[in-house]
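K.L.:
Sequence and predicted structure are below.
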Amino acid sequence: MIFVVLGTHELPFTRLLREVEKQIISGNIKEEVIVQQGHTPYESPHMNMMTFTSYEEMERLYREASMIITHGGTGSITTGAKMGKKMIAAPRLMKYGEHNDDHQLEIVQQFEKTGHILAWYENEDFSEVLKKAKQFEPVPFVSGNDEIISIIRSFIDKHA
């Protein structure tokens, strides 16, 4: 099963859903596709659509998916990266009315650069990214939380 995640942002991201549906129709995606569509109005006979679900259900779908296709939200990406999932992330872009700015472009580029995900950018052939995904092994994700907490504790100890 492939899990498509659009998050909770209030602007629609139909561009990604159209592309996934195109890949299903062309036979490049043969697995069942479940979509968490959020606020994106979209209907398809080729995908199982849901607006929102519980955190527990999202976590279950992430775990069971063979691959995650997601928008460029930090939470959506890190959830899959922490599980070591193959992921394709597509940044929402302001020029298409998908977000208020292009910060997701920077997020996706950074996670791609560190080897945690594959990325799909506008004007790229999605089927080529799908082909890369078959061989892709994500770099294990290591959270920087412990280091950040250590820095904060050290600062507090010096200034207490």
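P.N.:
Yes, it's here.
K.L.:
Show me where this protein has its helices.
P.N.:
Chain-ordered helices for the chain, with DSSP state H as the definition, fall at 14-25, 55-64, 74-82, 103-113, 126-135, 145-159.
K.L.:
Put together JSON lines for those helices, with distance to Glu31, mean pLDDT and mean neighbour count on each row.
P.N.:
Quick note: C-beta positions are derived from backbone N, CA and C, even for glycine. Shown next, in JSON lines, are the helices of the chain (distance: least, Cβ to Cβ, whole Å; pLDDT from 0 to 100; neighbours: other Cβ atoms under 10 Å):
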{"stretch": "helix 14-25", "distance to Glu31": "9", "mean pLDDT": "98", "mean neighbour count": "18"}
{"stretch": "helix 55-64", "distance to Glu31": "11", "mean pLDDT": "97", "mean neighbour count": "13"}
{"stretch": "helix 74-82", "distance to Glu31": "16", "mean pLDDT": "95", "mean neighbour count": "19"}
{"stretch": "helix 103-113", "distance to Glu31": "23", "mean pLDDT": "96", "mean neighbour count": "18"}
{"stretch": "helix 126-135", "distance to Glu31": "11", "mean pLDDT": "97", "mean neighbour count": "14"}
{"stretch": "helix 145-159", "distance to Glu31": "33", "mean pLDDT": "78", "mean neighbour count": "9"}
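K.L.:
so what's the spatially most central residue of the chain bridging to?
P.N.:
Most central in the chain under Cα atoms, centre = their mean is Thr70, positioned 2.5 Å from the mean C-alpha point. Applying DSSP bridges to Thr70 gives these bridge partners: Val5, Ala89.
K.L.:
hmm, back to that, His46: which of the helices of the chain is closest?
P.N.:
With distances scored as Cβ to Cβ, the stretch of those nearest to His46 is helix 14-25 (4.5 Å).
K.L.:
Run the chain-centre distance for the closest one.
P.N.:
Averaged C-alpha coordinates place helix 14-25 at 15 Å from its chain's average position (Cα atoms, centre = their mean, to the nearest Å).
K.L.:
just stretch 33-53 next, same as before
P.N.:
Relative to the mean C-alpha coordinate of its chain, stretch 33-53 is positioned 15 Å out (Cα atoms, centre = their mean).
K.L.:
quick one: buried residues of that stretch?
P.N.:
For stretch 33-53, the neighbour count (16 or more other Cβ atoms under 10 Å) marks 33-38, 40, 42, 44, 47, 49 as buried.
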